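Asks: Give me a model of this one.
(chains A and B)
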Amino acid sequence: MVSQIAQLIVSGVLAGGLYGIISVGLTLIFGVLNLVNFAHGEFLMISMYISFWMSEIFNLNPYMSLPIVVAAMFVFGIIIQSIFIRPVTEASHEVQIVITLGLSTIMQNSALMAFSGNLRVLRTPFSESMIEIAGIFINTQRLLTFTLAILATIILYLYLTKSYFGKAIRATAQDSRAAKLAGINVPFVYMITYGIGIALVGLAGASIIPLFPVYPTIGWHFANIAFVAVVLGGLGSIPGAMVGGIIIGLIESIAGFYFGSEFQQAAYFIVFIIILIIRPTGLFRK
Amino acid sequence: MKISSNNNNSLFKYNNILSHSNVFEFVFIIGLIALPMLISNSYYRDWFVMAFIMAGASCAWNIIGGYAGMLSIGHAAFFGIGAYTSTLLYVRVGISPWLGLIAGALLSTIAAIVIGRATLRLKGTFFVLVTIAFCEVLRFTAIGWRSLTFGSMGITLVFKKNFFNMMWQGKTAYVLLTFGYLVFVYVFNKIIEKKKFGYYLVAIREDQDAACACGIPAAKIKTIGLMISAFLTSIGGSIYAQYVMYIEPDVVFDIMISVQLILIGILGGKGKAFGPIMGAIIIIPLSSFLRGSLANLSGLHGFVYGVALVLVIIFIPEGVYGRLYRFFNKNKKNIKNHVEGVM
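Replies: Purely as a prediction, here's the structure:
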């Protein structure tokens, strides 16, 4: 019984790390650009496709191509931001939401046209391998994803708090007008921040390709979880997003075990509604 | 006291039922019903039926998304509740879809109360996120709860021609039914536009803090708006299920339904009762045509929706009818601050 609960907690936390890294990118973009990126999940889908095709065409295994995918997604994010999002920086919230929603639809359907709706699976030796620690089974690939996610979050956090440009990003997040007055190139900060957010999603996408099949609408599912995680952690808070992701992972694994996998989503939604009613600013925002 | 005489005068002019825009709307709607009645080709009639359903549902979305400016991306949830409730009641218990339609609408209203209570006192972002999450949860529940909903297999309705079953031979009855639904929602919007309630919604959209300062209970008004919107959207979902005779979670609870409703609303002009009708009559035939002529390229019509969404919001944010409306009422500059769909 105890080991069963421990198993649930471990697999919940491991899944949560993945949700966390997707949410961190989303919350970073929200915190700095004040924009809910509804195309977030589609970037995940695209990075999974890049990783998949690299392996199919160049025979490059997903661990080797991971840095390439992350770099490619960083550039892709910057391009998308410069073309579609920069012109509406000053526009109303509604306009921004509609733009990112439109982008999401465009990317999803482009993938559908280019790659068809078939599920594509990429298996690596780590996909199924398990290690056992004190009676608890851990999937090696999930452990790897989790470690990468935590590492990336810590590096990002350190970068934002310690480095010069990181401070500029935080200053822009706090007050973009004051940041502009202090001589910070705000449009440039917006562009790079969006790129970083998308690169984080790229990291998530490249590291889950051995675990999940890729198809054009896969991003939407993960994006939804990320929306909930971000609100749980407090919009704009990076540690909050990570913890929010882990909480969702835990809820999902525990509810899935006790109520059946059909009601996992219902469970975290109910928690979501309760949190919104009692603490609408999220768990970590002051 | 002195200002009021001038104001009354302009308001009187605006309320004139024979204003250019009203005449245009009336003629357009007459044309809308005349055309499918004259055409006997059932392929083209299908375009009209779908356009009427989506226009009606988008008009319903317009109440909260247009007038109140609360962009709901989860309206497929209400659409799906309507489709599933009426269909399940009919298939499982044998209750007429006419009653199932009401039951679905009431269920949607209850869902709207829950969502409204949880989010509408918060900023818009929370509302948007919760509507999406809610829709997604319903989709997964509909897939997972196989014993009730048949899961992702979906439900196929067996055709039994009967008024009681809301099934008819040929398309004429469906054209009339969906047109009736569209006109009902449209007239409802028109009435709201003129009532205090509509002005409250617009005031909240323009400046919520100022509206609250004037004593408008913003959260309550928005919740009621969402309830009405959910009720009417749900009816559209029930009618859709009866017309298509096949529903599955990945269609009726899909984000594409919400995207279509938003696109139709924004393309036509949101915050205008007539806007969504115009939007639907442009986009539905276009996408049906694309789907029909390039059937092997699945995803193309969705791609067109996305591109249209981005282009419209950048270049004509007030929508096609918003432009026309301004053209019709060009010489009434003094009442420009009236209900306008411009963001």
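Asks: Counting by contacts, list what the lengthiest helix in chain A packs against.
Replies: Criterion DSSP state H: the longest helix present in chain A is helix A:2-33. When contacts are defined as 3 or more Cβ pairs under 8 Å, 6 or more residues apart in numbering or on different chains; DSSP states H and E, helix A:2-33 sits against helix A:40-57, strand A:136-139, helix A:140-162, helix A:164-174, helix A:186-208, helix A:218-233, helix A:238-259. For the C-beta atoms, the positions are set from N, CA and C on the backbone; glycine is no exception.
Asks: which of the residues in that helix are buried?
Replies: Neighbour-count burial for helix A:2-33, with 16 or more other Cβ atoms under 10 Å in any protein chain shown as criterion, is recorded at A:7-8, A:10-33.
Asks: Quick one, which of the helices and strands packed on helix A:2-33 gets closest to residue B:241.
Replies: The closest of the helices and strands packed on helix A:2-33 to residue B:241 is helix A:218-233. By Cβ to Cβ, the value is 23.0 Å.
Asks: residues in the stretch 201-343 of chain B within reach of chain A, list them.
Replies: Counting by Cβ under 8 Å from any Cβ of the partner chain, the stretch 201-343 of chain B comes close to chain A at B:255-256, B:259, B:262, B:266, B:297-300, B:302-303, B:305-310, B:313-314, B:317, B:343.
Asks: quick one: residue B:245 from residue B:164, how far?
Replies: Residue B:245 sits 16 Å away from residue B:164, going by Cβ to Cβ, to the nearest Å.
Asks: Give me the more crowded residue out of the two.
Replies: Using other Cβ atoms under 10 Å in any protein chain shown as the criterion, residue B:245 and residue B:164 rank with residue B:245 on top: 14 against 11.
Asks: give me phi/psi at the more buried one?
Replies: phi 60, psi 20 (degrees, to the nearest 10).
Asks: What residues does it make contact with?
Replies: B:156, B:157, B:159, B:167 (Cβ atoms under 8 Å, 6 or more residues apart in numbering or on different chains).
Asks: For my notes, confirm the third one occurs in a strand.
Replies: No - the assignment for residue B:159, made by DSSP: H, G, I helix; E, B strand; the rest coil, is coil rather than a strand.
Asks: show me the contacts for it.
Replies: B:167, B:245 are the contacts of residue B:159 under Cβ under 8 Å, 6+ apart.
Asks: Could you do residue A:165 as well?
Replies: By Cβ under 8 Å, 6+ apart, the residues touching residue A:165 are A:159, A:189, A:192.
Asks: Give me the neighbour count for the first one.
Replies: So the one you mean is residue A:159. Residue A:159: 14 neighbours (other Cβ under 10 Å).
Asks: List the contacts of the closest residue in space to residue A:277 that isn't next to it in sequence.
Replies: In this structure, residue A:277 finds its nearest non-sequential neighbour in residue B:118, 5.5 Å apart by Cβ to Cβ, 6 or more residues apart in numbering or on different chains. With contacts defined as Cβ under 8 Å, 6+ apart, residue B:118 is in contact with A:273, A:276, A:277, B:130.
Asks: ok, 6 Å please
Replies: A:273, A:276, A:277 (Cβ atoms under 6 Å, 6 or more residues apart in numbering or on different chains).
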